[in-house]
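Sequence below, structure please.
(one chain, ligands or ions: 1)
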Amino acid sequence: MRALVTGGAGYIGSITSRLLVEAGWDVVVLDSFEKGHRAAVKGFEVIEGDIREREFVEGVFRRYDFDAVVHFAAYIEVGESVEQPVRYFQNNFCGGLNLVDACIEAGVGRFVLSSTAAVYGMPREVPVTEEAPAAAINPYGHSKRNLEIALEYCRRAHGLSYAALRYFNAAGAHPDGTMGEDHRPESHLIPRVLTAAREGAPVAIYGSAYPTPDGTCVRDYVHVVDLASAHILALDAMSEEGCGHVLNLGNGRGFSVQQVINAAREVTGIDIKVVEAPPRPGDAPELVASSQKAQEVLGWWPRFDGLDIIIETAWRWLESHPDGYED
Ligand SMILES: NC(=O)c1ccc[n+]([C@@H]2O[C@H](COP(=O)([O-])OP(=O)(O)OC[C@H]3O[C@@H](n4cnc5c(N)ncnc54)[C@H](O)[C@@H]3O)[C@@H](O)[C@H]2O)c1
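The predicted structure follows:
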């Protein structure tokens, strides 16, 4: 079985590629390397190129027979998406559509999409189930939601099977310390807190008067290896033609910004300083997933669900790679 992994040189894509190989898949990574890292895909078959270039994508599908596409390639910064909506729709929606079209043309039957909790916007109820309205509040969330909608129509029209996996906050690193998060710039809380610990710099807390137990925002941190495992299960769950799964992937437990900082102090033994900053527009007080449907459909549940293990693996990665991947 051969899978095309787009965005396979990025954080979640590279670790998923490794687990796919360990599960017996032949993996071909496609990445533009605009954000990804060559060092993260050493030893993989790699095609360099951009999914927005339709002829390039068609050429890739002429060159290889794929059984599945696992699609991570996207821009991921919510704030940037507000400033540059066209760029986000072009990459995340139009680029994704090029791949979907190529799958239909080439008869590739299985498509896994990296979707996101951002499709829910500001959900009224927590934990968030897949029944909650898709009401994104920024171009990033809409760009992903649009591709989900396109996949559902392509399932009906062409029998394409898909799984749209709505990740909450991906976190942690491969437990062996060789692969981890290296976004430039880094906007995710756990690597920001750990980098602040290393550098002796303060970390900003955006808002401390939310209606949460300690006043700081509560999020659902799901370990990257658990996310990767869910993709393999999703590919297995799509063996019949024309199935469509929309599934949340989260830890099911929420942790506040303050709890993350306290846990990071414990793990690192460093007294991390904080500075208070104003709340950011569009930040929901609490975002926690119900992953019950993923448990039922895929038999998936997070194994690395403790905040300590998530932070420990991230710290191991950062300690051994203070400057990230050496590209
Ligand atoms: N990190 C999270 O917490 C999180 C949460 C929800 C959803 N997601 C989704 O998961 C996916 C992976 O996220 P990540 O954190 O690994 O991001 P990442 O930036 O580390 O990886 C994305 C990869 O896609 C590549 N890429 C981007 N545009 C491309 C294009 N046009 N053509 C070819 N390659 C392209 C980049 O070079 C990069 O290697 C994204 O689709 C993201 O929206 C991530």
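
Quick check: residue 230 vs residue 13, distance?
13 Å (CB to CB, to the nearest Å). C-betas here are computed from N, CA, C, even on glycine.

Run through the residues that contact the residue of the chain positioned farthest from its centre.
Distance from the C-alpha centroid of the chain peaks at residue 271, with 29.6 Å (CA atoms, centre = their mean). By CB atoms under 8 Å, 6 or more residues apart in numbering, residue 271 lies in contact with residue 265.

Looks to me like it is in a helix.
No - counting by DSSP: H, G, I helix; E, B strand; the rest coil, residue 271 is located in no helix; its state is coil.

Which positions in the helix or strand containing residue 146 come out as buried?
Under the criterion of DSSP states H and E, residue 146 resides in helix 139-158. For helix 139-158, the neighbour count (16 or more other CB atoms under 10 Å) marks 139-148, 150-151, 154-155, 158 as buried.

ok, and which of the residues you listed reach the ligand?
Restricting the buried residues of helix 139-158 to those touching the ligand (CB under 6 Å from any ligand atom) yields no residues.

Relative to residue 276, which of those residues is nearest.
residue 140 (26.0 Å; CB to CB).

Can you name the residues bridging to the residue nearest to residue 212 when sequence neighbours are not counted?
Once flanking residues are discounted, residue 212 sits nearest to residue 218: 5.0 Å by CB to CB, 6 or more residues apart in numbering. Beta-bridge partners recorded for residue 218 (DSSP bridges): residue 256, residue 286.

Who are the contact partners of residue 218?
So residue 218 contacts 210, 212, 254, 255, 256, 285, 286, 287, 288 (CB under 8 Å, 6+ apart).

Tell me the buried residues within those residues.
So, of those, 210, 212, 254, 255, 256, 285, 286, 287, 288 end up buried under the neighbour-count rule (16+ other CB under 10 Å).

could you pick out which of those are near the ligand?
Applying CB under 6 Å from any ligand atom to the buried ones among the contacts of residue 218, none is adjacent to the ligand.

which residues does residue 246 contact?
Residue 246 neighbours (CB under 8 Å, 6+ apart): 115, 130, 148, 163, 164, 166.

can you rerun that using 10 Å?
Contact partners of residue 246, counting by CB atoms under 10 Å, 6 or more residues apart in numbering, are 113, 115, 119, 130, 134, 148, 151-152, 162-166, 293, 297.

Keep only those of these that are in strands.
Of those, the ones assigned to strands by DSSP state E are 113, 115, 162, 163, 164, 165, 166.

can you redo those as CSV with distance to residue 320 and neighbour count?
As requested, those are arranged in CSV below (distance: CB to CB, whole Å; neighbours: other CB atoms under 10 Å):
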residue, distance to residue 320, neighbour count
113, 32, 25
115, 31, 25
162, 37, 28
163, 33, 26
164, 34, 25
165, 29, 24
166, 31, 26
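
which one of those is nearest the ligand?
Closest approach to the ligand among the ones in strands among the contacts of residue 246 (CB to the nearest ligand atom): residue 115, at 6.7 Å.

Contact partners for the closest one?
Contacts of residue 115 (CB under 10 Å, 6+ apart): 71, 74, 134, 141, 144-145, 147-148, 151, 163-167, 246-249.

Which pLDDT value goes with it?
Here, the pLDDT recorded for residue 115 equals 98.

Quick check: bridge partners of it?
If you apply DSSP bridges, the partners that residue 115 bridges to are residue 166.

now the helices for this protein?
11-22, 54-63, 78-83, 85-88, 96-106, 139-158, 189-199, 224-237, 257-268, 292-298, 307-320 (DSSP state H).

how about the fifth one, does it get close to the ligand?
Spelled out, it's helix 96-106. No - using CB under 6 Å from any ligand atom, we find that helix 96-106 stays clear of the ligand, coming within 8.9 Å at best.
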